[in-house]
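In: sequence first, then the predicted structure:
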Amino acid sequence: MQKRNATAAVIGAGDFIGGEIAKKFAAEGFTVFAGRRNGEKLAPLVKDIEAAGGEIHARSLDARKEDEIISFLNDADKHAPLEVCIFNIGANVNFPILETTERVFRKVWEMACYSGFLAGREAARLMLPHGGGNIFFTGATASLRGGSGYAAFASAKFGLRAVAQAMARELGPKNIHVAHLIIDSGVDTEWVRQRRLEALGPNALDDPDALMPPSSVAASYWQLYQQPKSAWTFEMEIRPFGEKW
């Protein structure tokens, strides 16, 4: 592993997608700053990355709070120049419209859209003096389509996509690559597995290619990072080869 004088911040470093993103960038020599609501749950990720020779700084982070985002990203940039910021907070919920409370709608928007705006803005503030950087956002099928029961989630993901698109147009000419990665598939997490079993029955997990491995998402983010600035992608859609779309 060749050590880089650069940090990669992962906001929403959960057990699956976020954790794999952190592992990938740490394996490529970045010092990783990983944040999630309950920082104690990052202990296994820290152990894995350090055992592989990588460097990670993990902490509790409520991404909806402006002061916490500013502190988190500033600390990353003080350690080494912030080169990559990946916003990976989900907030996927499904409620019939009459059961979607004001609290649910507002909370999902805060988690999946507003906190992404805060993260992107503050990452850009730090990257502009460096002359460049990379700001990536995790999207979903709901970023493009409002499915039944997904009024709260889809509206938040639509909003995050708009934030990312506006930032890409503004910051691209300033050498900051802003990209939006749409995961048009179920990802192989414990929560998704349980949902499939409940909806489709005991044979729902028989096809090993039905769900996307979290490491494949991390690999796609690494591909975005490696793109030359003469051919930057703003929006990338990923799905398993057998996924209907």
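Out: It's in. Numbers count the residues shown, from 1 in each chain.
In: list the buried residues in the helix or strand bottoming out on mean pLDDT in the chain.
Out: In the chain, no helix or strand scores lower on mean pLDDT, DSSP states H and E than helix 190-200, which sits at a mean of 86. Of the residues in helix 190-200, Val192, Arg196 count as buried by neighbour count, 16 or more other Cβ atoms under 10 Å. For the C-beta atoms, the positions are set from N, CA and C on the backbone; glycine is no exception.
In: same check, this time on stretch 82-102
Out: Here stretch 82-102 shows 82-93, 95, 100 as buried, counting by 16+ other Cβ under 10 Å.
In: which elements pack onto the helix or strand following the least confident helix or strand of the chain?
Out: Next along the chain after helix 190-200, taking DSSP states H and E as the criterion, comes helix 214-226. In terms of contacts (3 or more Cβ pairs under 8 Å, 6 or more residues apart in numbering; DSSP states H and E), helix 214-226 is packed against helix 17-27, strand 133-140, strand 176-183, strand 235-238.
In: against Ala9, how distant is the residue sitting nearest the centre point of the chain?
Out: For the chain, Asn88 is the residue whose C-alpha lies nearest the centre (Cα atoms, centre = their mean; 2.0 Å). For Asn88, the distance to Ala9 (Cβ to Cβ, to the nearest Å) stands at 10 Å.
In: quick one, what contacts the residue nearest to the centre of the chain?
Out: When contacts are counted by Cβ atoms under 8 Å, 6 or more residues apart in numbering, Asn88 touches Val10, Ile11, Gly12, Ala13, Gly14, Ile17, Gly18, Ile21, Thr138.
In: now swap in Val187 and tell me
Out: Phe16, Ile17, Leu211, Met212, Pro213, Pro214, Val217.
In: hmm, 6 Å instead?
Out: Met212, Pro214 (Cβ atoms under 6 Å, 6 or more residues apart in numbering).
In: ramachandran coordinates for it?
Out: For Val187, the backbone dihedrals (degrees, to the nearest 10) come out as phi -100, psi 150.
In: how near is it to Glu198?
Out: 17 Å.
In: of the contacts of Asn88, closest to Asp48?
Out: Taking Cβ to Cβ as the measure, Asp48 lies nearest Ala13 of the contacts of Asn88, at 11.9 Å.
In: was I right about the closest one contacting Ala34?
Out: Yes: in this structure Ala13 lies within contact range of Ala34 using Cβ atoms under 6 Å: 3.7 Å.
In: between those two, what contacts are shared?
Out: Ala22.
In: what is the burial count for the residue nearest to Arg193 when sequence neighbours are not counted?
Out: Of all residues beyond its chain neighbours, the one nearest Arg193 is Leu205 (6.2 Å), with distances taken as Cβ to Cβ, 6 or more residues apart in numbering. Residues lying near Leu205 (other Cβ atoms under 10 Å) number 15.
In: and what of the one 3 residues further on?
Out: Pro208: 8 surrounding residues under other Cβ under 10 Å.
In: what separates it from Glu20, distance-wise?
Out: Taking Cβ to Cβ, one finds Pro208 at 18 Å from Glu20.
In: what's the answer for Asp62, then?
Out: 22 Å.
In: swap in Glu110?
Out: Counting by Cβ to Cβ - Glu110 and Glu20 are separated by 25 Å.
In: could you do Ala34 as well?
Out: For Ala34 relative to Glu20 (Cβ to Cβ), the value is 11 Å.
In: who has more neighbours, these two?
Out: Ala34 (30 against 24).
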